[in-house]
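Colleague: This is the structure alone, sequence omitted:
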């Protein structure tokens, strides 16, 4: 009993220190990314300014709808907005951890959730999201909400199922891969709601900033030249190819075939997993596939490591999970040359795999699930099996959950 109390005190103590550090840091540090997004909240009301003017020496690269999201945030004092945003992100992280553990088949206690959240903050994608004032943890929570609903067979009973994915995709395009996943997993209604929400959000952007919206969707949504694609934090296959080849000029139209191959392989694995009831595996694979398909996958985008690590633990691969956790906590690529010098480009044997370690981990994870026996895991709650039924509202009986 005394040991349990000590563990409880340590877990909650560590989490309290982390949250306090986040608050102090957010109140005192003027994060560049967050300032740019607040600037976007101001600029979108002036239409053309959003993509024709620089914000603190950088371009605003998200959609006009994303800028609309920041309009109420931009009305607040910077320190208040930063603290509120990071606390919202921490809350989204805690909520996401609950859903991930439930998708894994556990009934998580408050102590378990606190422990997972405290451990998650030490991961590079998580703390970078908080450090930069990014939106990734909020998007993760939106997507997992929809996945949890469809995993419970709830897409037919809730008209909102899919809206989270649609909003996430409207803010940052990569989550749109979940719309395709829902279609392939025979959750047609959720896919339609997501697609409809995505379109509605885009139209909202057109209504407020028509010229900026036209420019974004016609040219900027697929233009990587404004975002510094070769930078080491970009851990996508496209970025690795640029760095190894020596520049974007060496990568031609053929790269689209590589992206299509990643998308096809990842979505095929995710679809099989979903149809066999493993929605945690399907979600982790789809999120990872989105990172491999996108030309821009910054280190802070890799929050999909959270369901991937829990999946490995559930599968009994604790050594692999520990190695993955260590990799994403240390983020070794930051210790390789990344200031644009000659050692950053070309192939440099062991240095090159280290410089692209998140990418390699993502490909290895996808390969593991593609090659491992695709069987229904025991004790996964509320997963709907598709015995030839394609209805979005399929509602099968819940499976007993393992104690958490």
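Modeller: Received, thanks. These numbers come from a predicted model, not from an experiment. Numbering: from 1, shown residues only.

Colleague: ok, residue 186 touching residue 153?
Modeller: No. Applying CB atoms under 8 Å, one finds residue 186 not in contact with residue 153, separated by 11.4 Å. Yep, even glycine has a C-beta here, placed from its N, CA and C like the rest.

Colleague: correct me, but residue 215 touches residue 59?
Modeller: No. Contact criterion CB under 8 Å: residue 215 and residue 59 do not qualify, at 11.7 Å.

Colleague: Between the two, which contacts overlap?
Modeller: Residues touching both residue 215 and residue 59 by CB atoms under 8 Å, 6 or more residues apart in numbering: residue 51.

Colleague: Helices of the stretch 301-404 of the chain, start to end?
Modeller: Assigned by DSSP state H, counting those that start in this stretch, the helices in the stretch 301-404 of the chain fall at 305-314, 318-330, 351-355, 357-371.

Colleague: Of those helices, which stretch is the most buried?
Modeller: helix 305-314 (a mean of 24; mean count of other CB atoms under 10 Å).

Colleague: Let me see the mean pLDDT of that one.
Modeller: Averaging pLDDT along helix 305-314 gives 96.

Colleague: same question, stretch 325-342
Modeller: In this model, stretch 325-342 has a mean pLDDT of 86.

Colleague: which residues are in contact with that stretch?
Modeller: The contact list for stretch 325-342, computed with CB under 8 Å, 6+ apart, reads 119, 122-125, 231-233, 235, 299, 302, 305, 309, 343-344, 351, 354-358, 361.

Colleague: Let's see that with 7 Å instead.
Modeller: Stretch 325-342 has contacts (CB atoms under 7 Å, 6 or more residues apart in numbering) with 122-125, 231-232, 299, 302, 305, 309, 343-344, 351, 354-358, 361.

Colleague: Over to stretch 206-226?
Modeller: Residues outside stretch 206-226 that contact it (CB under 7 Å, 6+ apart) are 44, 47-48, 50-51, 59, 61, 63-64, 68, 173, 205, 295-296.

Colleague: Going by neighbour count, list what's buried in it.
Modeller: Neighbour-count burial for stretch 206-226 flags 206, 208, 209, 212, 213, 215, 216, 220, 224 (criterion: 16 or more other CB atoms under 10 Å).

Colleague: what's the average pLDDT for that stretch?
Modeller: Per-residue scores along stretch 206-226 average to 90.

Colleague: Let's see which of the buried residues of stretch 206-226 end up in helices.
Modeller: Cross-referencing the buried residues of stretch 206-226 against helices under DSSP state H gives 206, 208, 212, 213, 215, 216.

Colleague: Pick out whichever of these sits closest to residue 76.
Modeller: Residue 76 lies nearest to residue 208 out of those, by CB to CB, at 19.4 Å.

Colleague: Could you check how far the closest one is from residue 40?
Modeller: Using CB to CB, to the nearest Å, residue 208 is found at 12 Å from residue 40.

Colleague: quick revisit: want to try JSON lines for the helices of the stretch 301-404 of the chain, with distance to residue 254 as columns?
Modeller: Output for the helices of the stretch 301-404 of the chain, formatted as JSON lines (distance: least, CB to CB, whole Å):
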{"stretch": "helix 305-314", "distance to residue 254": "29"}
{"stretch": "helix 318-330", "distance to residue 254": "30"}
{"stretch": "helix 351-355", "distance to residue 254": "21"}
{"stretch": "helix 357-371", "distance to residue 254": "19"}
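
Colleague: Residue 243 is nearest to which of these?
Modeller: Evaluated with CB to CB, the helices of the stretch 301-404 of the chain place helix 351-355 nearest to residue 243, the distance being 7.1 Å.

Colleague: Can you name the residues in contact with that closest one?
Modeller: Residues outside helix 351-355 that contact it (CB under 7 Å, 6+ apart) are 232, 244, 332, 333, 336, 360.

Colleague: Would you mind giving those residues as CSV with distance to residue 253 added?
Modeller: Formatted as CSV, the contacts of helix 351-355 follow (distance: CB to CB, whole Å):
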residue, distance to residue 253
232, 25
244, 18
332, 32
333, 28
336, 29
360, 25
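
Colleague: Buried among those residues? Make that a ChimeraX selection.
Modeller: Selection of buried members from those for ChimeraX, criterion 16+ other CB under 10 Å:
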select :232,244,333,336,360
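
Colleague: now, the most widely separated pair of the contacts of helix 351-355?
Modeller: Spatial extent of the contacts of helix 351-355 (CB to CB) is set by the pair 244 and 332 at 17.3 Å.

Colleague: Low-confidence stretches in this structure?
Modeller: 154-158, 339-343, 373-404 (pLDDT under 70).
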